[in-house]
Structure formats: C-alpha cells, structure tokens
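K.L.:
let's see this in three dimensions:
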Amino acid sequence: MNKPIKDRTHLRRRHGDHHFQPERYVHIGGLQREHRWNALVSFFAVLLVLSFSMPARAGDQPAAADTPDQASAGPSNGTPAADPADHWHADLLMYLWLTGSHGTIGTSNRTVDYHATVGDLLSHCRFGLMGAAQVQRGRFVLINDLMWVRLRATNTATLPVAGQPELSAEVKSWELIVTPEAGYRFVDGEKIKIAALMGLRYWHVGSSLQFTPSPFGRTLSGSLNWADPLMGAQIQLPLSPKLLATIQGDAGGWGAGSQLDYQIVGTVGYRVSAKFSLAAGYRYLFVNYRYEGPVYETAMSGALVGLTYHFK
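P.N.:
Purely as a prediction, here's the structure:
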C-alpha cells in the first residue's frame, strides 16, 4: 500500500510671561553634529534591517481567506463580501508636545546660541495648536501633522530721562510647521506593519520687537518661509488588542529648503473605547536652515501626550 502524500499547503520554505531676561536663554556652545548624525544613521539602519527581514515572515502567515470556514462564509445570493481593504479608515490625534528648544539663530555675520526649557516656553506661550490626522485605505496611507505656536515676552526698564521714566519692550515669536506625507504599507502583518513615506515639511517662523514708547512709532519684524522634501518610514507594532506602539521618522532638506531637517517620534497608544485612544510618547525635531544671510538652526525635543478619535 502506498503511503499517503502530505498536503503541500502544510509545507513551509525556510529562509536563512514674567520679566524677560534675555541672558537666561543664551549660552555658549553649538549643537553636537556628530551625535545627530549617529542617531539619524542608527534609526534608518534599523528601518533597513526591518524592511528586508520582515516581508519573509509576513509571507509565511496563512491567508485568512484560505481557511475552510471563511471560504464557505460568503453570502448565499452569490454577492461577494465587502473587502475591508476597500474601506477608508481615519484617525485624528490632538496632542500637547512638552518641548524644550536650543540652537543658534541670527544672520551669517552675527549669531546667538539659545536654550529654553519646557517651563520657559510654557510660561510665555500665548497660543498653541497641535494635531495629526491619518487616513488609510488598503495599504495606502496619508498623514498630516500640524504645529502652530505663538510666544510673547515683555521687559520694562527705568530710564534716567525726565518725562519718560520707563521703557518697555515686547517680543513676539511664532512658528508654524505643517508636514503632509503619503506612503505605502509594504509590510502588513498581524505583528508588524511598515510603511514607506514621502512628503514635505513647511516651515514659517517669525518674530517682532516693539518698544513703548517707540522713538520711531514702528515695530521691527521679520519672518522666514521654506519647505523641505522628506523621505521616511512608519512602523506599527500591535502589542495587544488595546496597545499599539508606533515609531515614525523622516529626513530631508538636502539644500532644497534647509540643509538638514529630520525628526523621530515614538508613541504608545491605549484604546479605551471603539472611538477613543490615549497616546503618550517622545518626539525629537531638528532643522538647520542657512540661506543668503538668515540662520535658523534649532532642535526641539520632549514628551507628548494626546487623545485620538477614530472616525471608522
């Protein structure tokens, strides 16, 4: 009697706001470029290893549609069941980034190094709006991040001038950062999801200085605008039915806007209901803009907390 032949489907291939004191924020010393590059190279090295190692594991997962139960679960009238990949999924995250900042600003002829803690920025914050939206259909992903912050600080000095005993100065600064990106999820397994991203980051930064009383009756102000092309990746790790870890990073600039522009974000989300999730994590953002005089080299980093609403 011949021996029964094993089903080939079971075979698997193996593959090897107070008195403003400017001196409080100024310190001597520049940013350490070697540490930035080491962190950047390490991050993208990890992405590269995951990109080549995980597709094989994802391919070993049995397709859900191949199980006998699902093969016979179609509607009795012959109409094909709706594919979840054809549906739109949208999430909106409103977050607070508790960031500190340090760097170098000025012109090519004169620059100033500065350092501001989380408390410094919060005490002078007058407006803040931070949020991110993600839309997905199948393996295609659209992401947009927005951060808009306005700061104000004042200082008053007593002058030995008759009739004008005091002179006050008010400094306002603002920063708008918009980062739209589009990507494709080339690994979509149950334990890991990896998407390649491309997009840009738009920067608008400015400041103004006004004296009261003003000897000339005018306010000094200026602003910068530029956009940096970006390439990056997003990695999602479902830790449990309610826990999701996300690592996302991008890098760009390359002289098109700034000389260098990159960020790394890591968050953990906890799903409290079908519609809401809590999120906490850490974010680091660096930019080095130098073009025809203006210099804006800054690094922002700190913890973030947020609330996500799941539309569907």
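K.L.:
all helices for the chain, in order.
P.N.:
33-59, 68-71, 118-123 (DSSP state H).
K.L.:
quickly, which of those bottoms out on average pLDDT?
P.N.:
Ranked by mean pLDDT, the helices of the chain bottom out at helix 68-71, which scores a mean of 37.
K.L.:
show me the contacts for Arg283.
P.N.:
Trp97, Thr99, Gln263, Ile264, Val265, Gly266, Met300, Ser301, Gly302, Leu304 (C-beta atoms under 8 Å, 6 or more residues apart in numbering). (C-beta placed from N, C-alpha, C; glycine too.)
K.L.:
now those in CSV, with neighbour count and pLDDT?
P.N.:
Below are the contacts of Arg283 laid out as CSV (neighbours: other C-beta atoms under 10 Å; pLDDT from 0 to 100):
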residue, neighbour count, pLDDT
Trp97, 21, 97
Thr99, 22, 96
Gln263, 22, 98
Ile264, 21, 98
Val265, 20, 97
Gly266, 16, 97
Met300, 21, 98
Ser301, 18, 98
Gly302, 17, 97
Leu304, 19, 97
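K.L.:
just give me the closest of the residues you listed to Ser277.
P.N.:
Leu304 (13.9 Å; C-beta to C-beta).
K.L.:
how about the closest one: which residues does it bridge to?
P.N.:
Trp97, Gly281 (DSSP bridges).
K.L.:
in this protein, which helix or strand is least confident?
P.N.:
When the helices and strands of the chain are scored by mean pLDDT, DSSP states H and E, helix 68-71 comes last with a mean of 37.
K.L.:
what does the pLDDT read for Leu129?
P.N.:
Confidence for Leu129, expressed as pLDDT, is 95.
K.L.:
specify the beta-bridge partners of the closest residue to it other than its chain neighbours.
P.N.:
Among residues not flanking Leu129 along the chain, Trp148 sits closest, at 4.5 Å (C-beta to C-beta, 6 or more residues apart in numbering). Judged by DSSP bridges, the bridge partners of Trp148 are Leu129, Leu176.
K.L.:
residues contacting Pro294?
P.N.:
Thr107, Ser108, Leu224.
K.L.:
next: Leu304.
P.N.:
Applying C-beta under 8 Å, 6+ apart, the residues near Leu304 are Tyr95, Leu96, Trp97, Leu98, Val265, Thr267, Ala279, Ala280, Gly281, Tyr282, Arg283.
K.L.:
which one among these gets closest to Gly252?
P.N.:
Closest to Gly252, out of all of these and judged by C-beta to C-beta, is Val265, at 15.0 Å.
K.L.:
among the contacts of Leu304, which ones are buried?
P.N.:
Tyr95, Trp97, Leu98, Val265, Thr267, Ala279, Gly281, Arg283 (16 or more other C-beta atoms under 10 Å).
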